[in-house]
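A.B. asks: below are the sequence and a predicted model for it; my questions follow.
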Amino acid sequence: KIDSNSAASLLADGGGLSKENDAYEERPGQIAFSKKVAKAFNESEILLAEAGTGTGKSIAYLIPAILWSESARERIVVSTNTKNLQEQLFFREIPIIGKLLDFPFRAVILKGRGNYICLNRWRKLAESANRYLTKKESDLLLPVASWLHETTTGDLSETGFFSMLAESGLLERIHSDVISCAGGRCPVREKCFVNRIRKAAQNAHIIIVNHSLVFSDMVSEGGVLGSYCRIVFDEAHNIEKVALQYLGVSLNYYRIRRVLNRLYSREDHGHGLLAVLQTRAEKIVKGWPEFADKAATIKTALDTVQHVRSVTKELFEHIYSSVQDEASQVKNKSEGKLRYTENTSVFSSCADIIKAFNEAVSALITVIEDLKMLVTGISSGKLKDKEELLTDLEKSQVDLQGIINDFGFLIEARGRNVFWFEYNGYGS
């Protein structure tokens, strides 16, 4: 156990904190809060506490958390809603506490793997940028390369243009993710930023994360954070919203479009995975004429992508129109949201389009399987990036199957779940 009075004494007049700051004023609320946190740690209780601005709650819970971690040899997870608070805790509060305690302790900021650049994906993309990327995405390559030369963490939010990376689509192509990860086969695994920060987290007293990572880790059954027994939620009023995002199921037009664009888009004379395959196939045919018949599978895949794109557009236009009609007849409705049940007419009125959509996506999954067999049959000597292409094709299949599964669940609308449409006035 930890001594709650010892923790609180650091916050009192004449304590360690006042000695570090001549202008320090004792705050009774902060001391009381710290004692409550210490008691919760000692007795394995759930503590729900609210503190006004200026109470100093961050330091009030961090001190007993660190003391407990040192005493129990147990990692403590501290979760915030925003990255700004994460960084405030790590760069401002933690160094202050480091001056107060008489033992060294370790703290790390850990974000979801999607926040970190994958050096292997980056290398592959940079080598074939003209075929994989649109001009908008290509324009960001040089700034990323410059940042990569300086970063020690690989955290893409440090670039200063994270939102531009996300909006352009480049972020999705270079961040780390489970499916694209080559694991032990990765040629740059020794430099992997994700592995580096996870190793540091295993040996830390305090792991500072955000709510999104906590719940995404929950979905992946501890794949990132590993096991832990105690957690502090700061900005806890946002938990419900974040939990809904990760523990719920949603589908929109843009999710489908992103997968299709990653496969192929006609923008900038054609780019995407299928465009790359097409270019590779043209070179292979020159030295292997018999391959021409097999390469026709790529043309089938291109046509199928365009068909899925067309059916998707038709589906969402119909759903939007039907939702607008139903919403206009509902009293006391929530603006932009319409709850529905399994008997909704929105889906029954477009059953033929839904069937066509599912069949089109399933056909695309099948033709991607044919492409995987095609690529597998080509020697690595003729196709140097064979393994990377197979990984990208697999990822596209998984994403497309996820779309079919989620759509089926949302259409059935059964069980003890709540279902609703979200829409705006711009056709979304």
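C.D. replies: Received the coordinates, thanks.

A.B. asks: make it CA atoms for all contacts and neighbour counts henceforth
C.D. replies: Will do.

A.B. asks: in the stretch 301-428 of the chain, what spans have low per-residue confidence?
C.D. replies: 331-334, 425-428 (pLDDT under 70).

A.B. asks: could I get the full set of helices for it?
C.D. replies: Under the criterion DSSP state H, counting those that start in this stretch, helices of the stretch 301-428 of the chain are mapped to 345-348, 351-376, 386-412.

A.B. asks: what residues sit buried inside the longest one?
C.D. replies: Just to be clear, that refers to helix 386-412. 386, 388-397, 399-401, 403-404, 407, 410-411 (16 or more other Cα atoms under 10 Å).

A.B. asks: go on, stretch 220-234?
C.D. replies: Buried residues in stretch 220-234, counted by 16+ other Cα under 10 Å: 224-225, 230-234.

A.B. asks: pLDDT-wise, which helix or strand of this protein ranks last?
C.D. replies: Lowest by mean pLDDT, DSSP states H and E among the helices and strands of the chain is helix 129-132, with a mean of 72.

A.B. asks: just how off-centre is the next helix or strand after that helix within its chain?
C.D. replies: Going down the chain from helix 129-132, the next helix or strand is helix 135-138, by DSSP states H and E. Distance of helix 135-138 from the chain centroid (Cα atoms, centre = their mean, to the nearest Å) equals 22 Å.

A.B. asks: mind listing what's buried in helix 135-138?
C.D. replies: For helix 135-138, a neighbour-count test (16+ other Cα under 10 Å) marks 137-138 as buried.

A.B. asks: right, and the helix or strand after that helix?
C.D. replies: Beyond helix 135-138 toward the C-terminal end (DSSP H and E), the next one is helix 141-150.

A.B. asks: quick check: mean pLDDT across that next one?
C.D. replies: In this model, helix 141-150 carries a mean pLDDT of 92.

A.B. asks: send me that helix as CSV with only the CA atoms.
C.D. replies: What follows is helix 141-150, C-alpha atoms only, in CSV (Å, rounded to 0.1, in the frame of the first residue of the first chain):
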residue,chain,number,x,y,z
LEU,A,141,6.2,13.3,-50.0
LEU,A,142,9.0,15.8,-49.7
PRO,A,143,7.7,17.3,-46.4
VAL,A,144,7.3,13.8,-44.9
ALA,A,145,10.8,12.9,-46.0
SER,A,146,12.2,16.0,-44.4
TRP,A,147,10.3,15.3,-41.2
LEU,A,148,11.4,11.7,-41.2
HIS,A,149,15.0,12.8,-41.2
GLU,A,150,14.5,14.6,-37.9
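
A.B. asks: what's in contact with it?
C.D. replies: For helix 141-150, contacts defined as Cα atoms under 8 Å, 6 or more residues apart in numbering pick out 126, 154, 159.

A.B. asks: roughly how far apart are the residue lying closest to the last one once chain neighbours are set aside and residue 157?
C.D. replies: Pointing back at residue 159 there. Spatial nearest neighbour of residue 159, excluding adjacent residues (Cα to Cα, 6 or more residues apart in numbering): residue 147 at 6.3 Å. Residue 147 sits 11 Å away from residue 157 when distances are taken as Cα to Cα, to the nearest Å.

A.B. asks: ok, how many other residues are close to residue 141?
C.D. replies: 18 (other Cα atoms under 10 Å).

A.B. asks: likewise residue 166?
C.D. replies: Neighbour count for residue 166, taken as other Cα under 10 Å: 13.

A.B. asks: tell me the pLDDT at it?
C.D. replies: As predicted, residue 166 sits at a pLDDT of 85.

A.B. asks: that one belongs to a strand, doesn't it?
C.D. replies: No - going by DSSP: H, G, I helix; E, B strand; the rest coil, the assignment for residue 166 is helix, not a strand.

A.B. asks: for the nearest residue to it once chain neighbours are set aside, which three-state class applies?
C.D. replies: Spatial nearest neighbour of residue 166, excluding adjacent residues (Cα to Cα, 6+ apart): residue 172 at 7.1 Å. At residue 172 the chain is in helix, as set by three-state DSSP.

A.B. asks: pretty sure residue 172 sits against residue 162.
C.D. replies: No - if you go by Cα atoms under 8 Å, residue 172 and residue 162 don't touch, sitting 11.3 Å apart.

A.B. asks: just to revisit the earlier point, need the contact partners of the least confident helix or strand of the chain.
C.D. replies: Under the criterion Cα under 8 Å, 6+ apart, residues 125, 138, 270-273, 275-276 lie in contact with helix 129-132.

A.B. asks: put together TSV for those, with pLDDT and secondary structure on each row.
C.D. replies: Below are the contacts of helix 129-132 laid out as TSV (pLDDT from 0 to 100; DSSP: H, G, I helix; E, B strand; the rest coil):
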residue	pLDDT	secondary structure
125	84	helix
138	82	helix
270	77	coil
271	83	strand
272	87	coil
273	89	helix
275	88	helix
276	86	helix
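
A.B. asks: now tabulate the residues you listed in TSV and tack on distance to residue 96.
C.D. replies: Converted to TSV, the contacts of helix 129-132 look like this (distance: Cα to Cα, whole Å):
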residue	distance to residue 96
125	42
138	42
270	54
271	51
272	49
273	49
275	54
276	52
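
A.B. asks: what sits closest to residue 270 if chain neighbours are left out?
C.D. replies: Leaving aside its sequence neighbours, residue 270 sits nearest to residue 264 (Cα to Cα, 6+ apart; 6.9 Å).

A.B. asks: can you give me the pLDDT of the one you found?
C.D. replies: Confidence at residue 264, expressed as pLDDT, is 92.

A.B. asks: residues contacting residue 59?
C.D. replies: Applying Cα under 8 Å, 6+ apart to residue 59 gives the contacts 93, 97.
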